[in-house]
Every structure is written in structure tokens, then in C-alpha cells.
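Colleague: Structure of the sequence below:
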Amino acid sequence: MQHLSESLETERLIIQRLKYEDAEEVFYAYASKLEATRFVSWPVHQSVADTNKYIKQAVSDWREGVSYNYSLRTKEDAKLIGSIGVVNNQGNIQLGYVVSPSVWNKGYATEAATGLLKQLIAWNGVYRIWTFVDIENVASQRVLLKVGMVEEVRLPNWFRFVNQDNQPKTCILYRYPKIGVR
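Modeller: I've put the predicted structure just below:
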């Protein structure tokens, strides 16, 4: 399987491979904010050192082809507003994203996910694209439906979100139906 493109653009966003130089902006835009990280699988960052550790892993994972993480920047002012990425398990692709609370409800997550999905469906070897969300994460449910994903199953007490006291939460599994084995 080939690597994903290192950058892409949408109408309002520049989506680029995450790099070391992004660490401070990532930390302040969303990684240090509990409201932004409430529904993610990783702990809120306590310092820029935590963010540097994450980016170091992201760079390594990209080289290995196991995950691809991108920064989201607005074209208007090049401000880092979030990130989007995928975990690649030999063509079984899990999508994830996080956006700064300062730009919530402006359609950026939908725009970024739509752009990345276009790239993913053209990628050789991809046979499944999916993600899951906490049942309380209504905003992400709306995003996933807007980009064409469909609810596959509800999973009671399925995942422990580290930023929600590790309590088992009911989740919804979504899949992208417009993909087949190639």
C-alpha cells in the first residue's frame, strides 16, 4: 500500500502532514483543552512536551504506514485549528479528528473529513473506513452523517475515554458505505 498524500486543500483549509514545528500550536489550539479532548482516546496534554511526544510518534507512524496525521489550517490566516488522521490496519481505516473549540460549529471538521475521504476512497487496498463516537458526542455524529457515513451499530459500555474518568461509555460505530474491496 502506498502512502497518503502529505497535503491537500479544501475550500477553506490547508491539510498538511503533522510536523514537529506544529507542537506549540497543537498544544494551545486543542490538545491542552479538556472540552476539545473529552471524546478522544488520548489524555489531554499537560505540557508542550506531551505534544512533542505525540508528534514524534505521529512522524514515526507515518513512516511505517500505520497512521497518517494532519494539521488543519485555515487558508485565510494559516491558523492551526485542529487535526485529522487515520489509523491504517492493512486497508481497514479508522478515521479521527479534533478541532479547536474556538472554531466549533463552522463546518471545518466536515470539510476536512470530506477532503480526506476523497483521498481514502481512491487509495489502493482500502476495504473499510470507519470510526466510533461516544453516544453523547452529538456534534461528531452530525459531522459523520454529513460526510456520508452511516451508523452500523450501537455498542453499550464499549470504550473508556481517558478524559471522562475512564468510565465505560456507549458508542456508535460508523462506516463509510461507498467503498469496496479493490
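Colleague: Pull the residues that contact the helix ranked longest in the chain.
Modeller: In the chain, with assignment by DSSP state H, the single longest helix is helix 48-64. Under the criterion Cβ atoms under 8 Å, 6 or more residues apart in numbering, residues 3, 17-20, 22-24, 26-27, 31-32, 42-43, 45, 67-69, 85 lie in contact with helix 48-64. C-beta here means a position set from N, CA and C on the backbone, and glycine is covered the same way.
Colleague: confidence score at Leu4?
Modeller: Looking at Leu4, its pLDDT is 89.
Colleague: again, but for Arg182
Modeller: On the pLDDT scale, Arg182 gets 46.
Colleague: got the CA positions of the longest helix of the chain in PDB?
Modeller: As requested, the backbone C-alpha atoms of helix 48-64 are provided in PDB (Å, rounded to 0.1, in the frame of the first residue of the first chain):
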ATOM      1  CA  VAL A  48       4.100  21.100  25.100                       C
ATOM      2  CA  ALA A  49       6.400  18.200  26.000                       C
ATOM      3  CA  ASP A  50       3.400  15.900  25.800                       C
ATOM      4  CA  THR A  51       2.500  17.300  22.400                       C
ATOM      5  CA  ASN A  52       6.100  16.800  21.200                       C
ATOM      6  CA  LYS A  53       6.000  13.200  22.300                       C
ATOM      7  CA  TYR A  54       2.700  12.700  20.400                       C
ATOM      8  CA  ILE A  55       4.200  14.300  17.200                       C
ATOM      9  CA  LYS A  56       7.300  12.200  17.400                       C
ATOM     10  CA  GLN A  57       5.100   9.100  17.400                       C
ATOM     11  CA  ALA A  58       3.000  10.500  14.600                       C
ATOM     12  CA  VAL A  59       6.000  11.100  12.400                       C
ATOM     13  CA  SER A  60       7.300   7.600  13.100                       C
ATOM     14  CA  ASP A  61       3.800   6.000  12.400                       C
ATOM     15  CA  TRP A  62       3.600   7.900   9.100                       C
ATOM     16  CA  ARG A  63       7.000   6.500   8.000                       C
ATOM     17  CA  GLU A  64       5.800   3.000   9.000                       C
END
